[in-house]
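K.L.:
after the sequence you'll find the predicted model.
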Amino acid sequence: MCGIVGYIGDRQAAPILLEGLKKLEYRGYDSAGVAVYNDNQVNVVKAKGRLKILDDKLDGGKNLPGTMGIGHTRWATHGAPSDVNSHPHTSSSGNIAVVHNGIIENYLKLREYLIGKGYEFVSDTDTEVVAHLADYYYNGDLIDTIIKVINRVEGSYALGIVCKDKPDELVAVRKDSPLIVGLGENENFIASDIPAILEHTRNIYLLEDKEIVLLKKDEVKIFNIDKEEIKKEVFTVNWDVSAAEKGGYEHFMIKEICEQPKVIKDTVSPRLKDGTIVLDDIKLTKEDVDSIKKIYIVACGTASYAGMVGKYVIEKLVRIPVEVDVASEFRYRNPIIDQDTLVILISQSGETADTLAALREAKKQGARILSVVNVVGSSIARESDNVLYTWAGPEIAVASTKAYSAQLAAMYLIALYMGLKKGTVSEQEVENIIEHLKTIPDKVANILNHKEKIQYYASQYFNAKDVFFLGRGLDYAVALEGSLKLKEISYVHSEAYAAGELKHGTIALIEQGTLVIALATQEHLFDKMLSNIKEVKARGAVVIAVAQEGNTEIEKEADFVLYLPQVDQLLAPSLTVIPLQLFAYYVAVAKGCDVDKPRNLAKSVTVE
Ligand code: F6R
């Protein structure tokens, strides 16, 4: 949801800002802009469309001199993508320039107020009020100014601000939108995310809400809302630049799909010791687990589908009722929560606005909080009682793949851990499942080695108008994810259905040639799936089935069968999702879609 970057130092700022924005383009890509101080002026250049247009306009930044500036890549919320609505926004006097990620909820009231004070608005954005408000309050001290601004604005923001009168200062602040500070040698940075500055520094500050940072080229100071200076620990990033590069792959998405064996291993291995699960990061005692009467898993999109798998697995192994809720519903529906409730939040970014709000709501009502998060130090991680990190590394493609696989692994770990504590699974059972869990990375690699077969199916069916994904039990949970992947990157309409539910209405949509992807990895539901396949075949569907090796009976019913290596059926989702991700990917490629940056989407939804 918009990416911001800022630089102050000795080098030319514009090329650094543009390079940084390239790394943040996954956050929004409908327009971009930069503001760079030079010769007693703040020069602003913006362009509607992909960053490339701005990059070309500035010849990679070369034709915009100056050593301090801010940049922005936009995902429109208020006002259509256009040059004028692009950031940075400036005050009428041109003294202040602002980049913003988030939403200023009371912008209409502030706009009226500022118009009354003689300010003229040129854009439809909420952000422009910040530029004028900062100008209105500016008294020669940027920290005072920011404090006054944030006392007036409501909503979420990460703000980067420069001022014509202050060529040696860049200020920034955040609330409910991510912002980090990069610490260099005679240069400093701000950014929405680490990859934007990683080629320059590994040393960063993770800002908390309403901490205000003043950057000079050789000094960084952080203040609270009372203008008291705060000391913070430097966080050192331990992954390298190549983790956020394509590394020879055509798209980030296929690179990230192929990284899954490693990601699963990295998430699981450090938590396995002597045939059991050790989650040092989670402080739930046996008494705690015994006292939990109800679990909510709360997340958005793909993360919520990982939660669906979690529900099946936790209910089976821990015998505690689990409800999966999308965060945007959970936060407003007054859920029944008390201190015997455990709320598990799942989030790759750790910044999703609805998931973060759900966390705060659950906490307020006394629930215990456990979050499964990928981005270290993100808001959800920091505000949770317990955090289980997924070690997926940076996920750049907008469509989530490796984070989902890591989230599944985390769900298995949590279920086994809680089951052992509660005594609902024996040590022997846990040891057995762990043995299977250890085989998952190699089995995923094995499926990836045969990806050409899936590419072939995609080449045959990329023109499909509608695709139905069917499954029962855990296969239904994975069908939801497969269907989301297909629609979000290839724009093919698709639906996931619990296979037994189809005949209660939706089967009316199946006609001659409709593509159905039927997941049949669950042994105890296999015969039921065969019947469901027969039902859709009888209405003319073409069926691609996914089954475990050895279940050849399915060949009699389905048109094509993709076999997966045998695995404990509880763990099958970790394998079943792989061909579905690949299918979505190859369909999108065959259709010529922008795989890593699908239309209308952005990674990390930090607004409601
Ligand atoms: C889909 C996708 C989204 C995210 C969702 C939650 O491929 O990526 O559905 O899963 O926006 O994001 P996080 O996990 O960052 O909270």
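P.N.:
Cool, the structure landed.

K.L.:
what's the neighbour count on residue 363?
P.N.:
Counted with other CB atoms under 10 Å, residues neighbouring residue 363 total 16. Any C-beta I mention is one placed from the backbone N, CA and C, and that applies to glycine too.

K.L.:
just to be sure, it is in a helix?
P.N.:
Yes: under DSSP: H, G, I helix; E, B strand; the rest coil, residue 363 sits within a helix.

K.L.:
tell me who's in contact with it.
P.N.:
By CB atoms under 8 Å, 6 or more residues apart in numbering, the contact set of residue 363 is 369, 383.

K.L.:
report the contact partners of the residue of the chain found nearest the ligand.
P.N.:
Nearest to the ligand, among the residues of the chain, is residue 301, at 1.9 Å (CB to the nearest ligand atom). Shown in contact with residue 301 (CB under 8 Å, 6+ apart): 400, 484.

K.L.:
let the chain start at 50 from now.
P.N.:
Fine by me, first position is 50 from now on; the one you just mentioned is residue 350.

K.L.:
just read off the phi/psi values of it.
P.N.:
When read as degrees, to the nearest 10, the backbone of residue 350 gives phi 50, psi -130.

K.L.:
quick one: average pLDDT of stretch 545-558?
P.N.:
Taken as a whole, stretch 545-558 carries a mean pLDDT of 93.

K.L.:
endpoints of that stretch, how far apart?
P.N.:
Taking CA to CA, to the nearest Å, stretch 545-558 runs 13 Å from one end to the other.

K.L.:
and it, does that touch the ligand?
P.N.:
No: using CB under 6 Å from any ligand atom, stretch 545-558 stays clear of the ligand, with a minimum separation of 13.6 Å.

K.L.:
packing partners of the helix or strand containing residue 621?
P.N.:
Assigned by DSSP states H and E, residue 621 falls within helix 621-639. Packing contacts for helix 621-639, counted by 3 or more CB pairs under 8 Å, 6 or more residues apart in numbering; DSSP states H and E, involve helix 301-307, helix 451-471, helix 476-498, helix 500-510, helix 523-539, strand 564-569, strand 591-597, strand 609-613.

K.L.:
same list (these) but as a markdown table, adding mean pLDDT and mean neighbour count.
P.N.:
Below are those laid out as a markdown table (pLDDT from 0 to 100; neighbours: other CB atoms under 10 Å):
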| stretch | mean pLDDT | mean neighbour count |
| --- | --- | --- |
| helix 301-307 | 97 | 23 |
| helix 451-471 | 97 | 26 |
| helix 476-498 | 96 | 17 |
| helix 500-510 | 95 | 16 |
| helix 523-539 | 98 | 25 |
| strand 564-569 | 98 | 28 |
| strand 591-597 | 97 | 23 |
| strand 609-613 | 97 | 19 |
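
K.L.:
turn those into a markdown table, including distance to the ligand.
P.N.:
Listed next are the helices and strands packed on helix 621-639 as a markdown table, based on distance: least, CB to the nearest ligand atom, whole Å:
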| stretch | distance to the ligand |
| --- | --- |
| helix 301-307 | 9 |
| helix 451-471 | 6 |
| helix 476-498 | 18 |
| helix 500-510 | 18 |
| helix 523-539 | 6 |
| strand 564-569 | 17 |
| strand 591-597 | 20 |
| strand 609-613 | 21 |
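
K.L.:
relative to residue 639, which of the ones you listed is closest?
P.N.:
With distances scored as CB to CB, the stretch of those nearest to residue 639 is helix 500-510 (5.7 Å).

K.L.:
return the next helix or strand after the closest one as PDB; C-alpha atoms alone will do.
P.N.:
As assigned by DSSP H and E, the chain's next helix or strand after helix 500-510 is strand 515-520. Taking Å, rounded to 0.1, in the frame of the first residue of the first chain, the C-alpha atoms of strand 515-520 are listed here in PDB:
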ATOM      1  CA  ASP A 515     -14.300 -20.200 -15.200                       C
ATOM      2  CA  VAL A 516     -12.400 -22.700 -13.100                       C
ATOM      3  CA  PHE A 517     -13.700 -24.600 -10.100                       C
ATOM      4  CA  PHE A 518     -11.500 -26.000  -7.400                       C
ATOM      5  CA  LEU A 519     -13.100 -28.800  -5.400                       C
ATOM      6  CA  GLY A 520     -11.900 -30.600  -2.300                       C
END
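
K.L.:
for the stretch 100-249 of the chain, just list every one of the strands.
P.N.:
Listed in chain order, the strands found in the stretch 100-249 of the chain under DSSP state E, counting those that start in this stretch are 117-123, 138-139, 145-153, 204-212, 219-224, 229-232, 237-240.

K.L.:
which residues are contacting stretch 286-296?
P.N.:
Counting by CB under 8 Å, 6+ apart, 72, 243-244, 247-248, 251-253, 301, 304, 442-443, 445 sit against stretch 286-296.

K.L.:
from those, which single one is nearest residue 481?
P.N.:
Among the contacts of stretch 286-296, residue 442 lies closest to residue 481 (CB to CB), at 29.6 Å.

K.L.:
the closest one contacts residue 312, correct?
P.N.:
Yes: using CB atoms under 8 Å, residue 442 makes contact with residue 312 at a distance of 7.0 Å.

K.L.:
can you list residues touching both of these two?
P.N.:
Counting by CB under 8 Å, 6+ apart, the residues touching both residue 442 and residue 312 are residue 451.

K.L.:
now, of the contacts of stretch 286-296, which are buried?
P.N.:
Buried by 16 or more other CB atoms under 10 Å: 72, 243, 244, 247, 251, 253, 301, 304, 442, 443, 445, out of the contacts of stretch 286-296.

K.L.:
now, the most widely separated pair of the residues you listed?
P.N.:
Within these, two members stand farthest from each other by CB to CB: 253 and 304, at 24.1 Å.

K.L.:
what does the stretch 550-657 of the chain have sitting close to the ligand?
P.N.:
Going by CB under 6 Å from any ligand atom, the residues of the stretch 550-657 of the chain near the ligand are 653, 654.

K.L.:
same thing but 8 Å
P.N.:
Within reach of the ligand by CB under 8 Å from any ligand atom, the stretch 550-657 of the chain has these residues: 650, 652, 653, 654.

K.L.:
which non-adjacent residue is nearest the third one?
P.N.:
I take that to be residue 653. Leaving aside its sequence neighbours, residue 653 sits nearest to residue 398 (CB to CB, 6 or more residues apart in numbering; 4.1 Å).

K.L.:
coming back round to it: now flag whichever of the contacts of stretch 286-296 is closest to residue 321.
P.N.:
Among the contacts of stretch 286-296, residue 442 lies closest to residue 321 (CB to CB), at 19.7 Å.

K.L.:
may I have the secondary structure class of that closest one?
P.N.:
Here residue 442 is coil, with the state taken from three-state DSSP.
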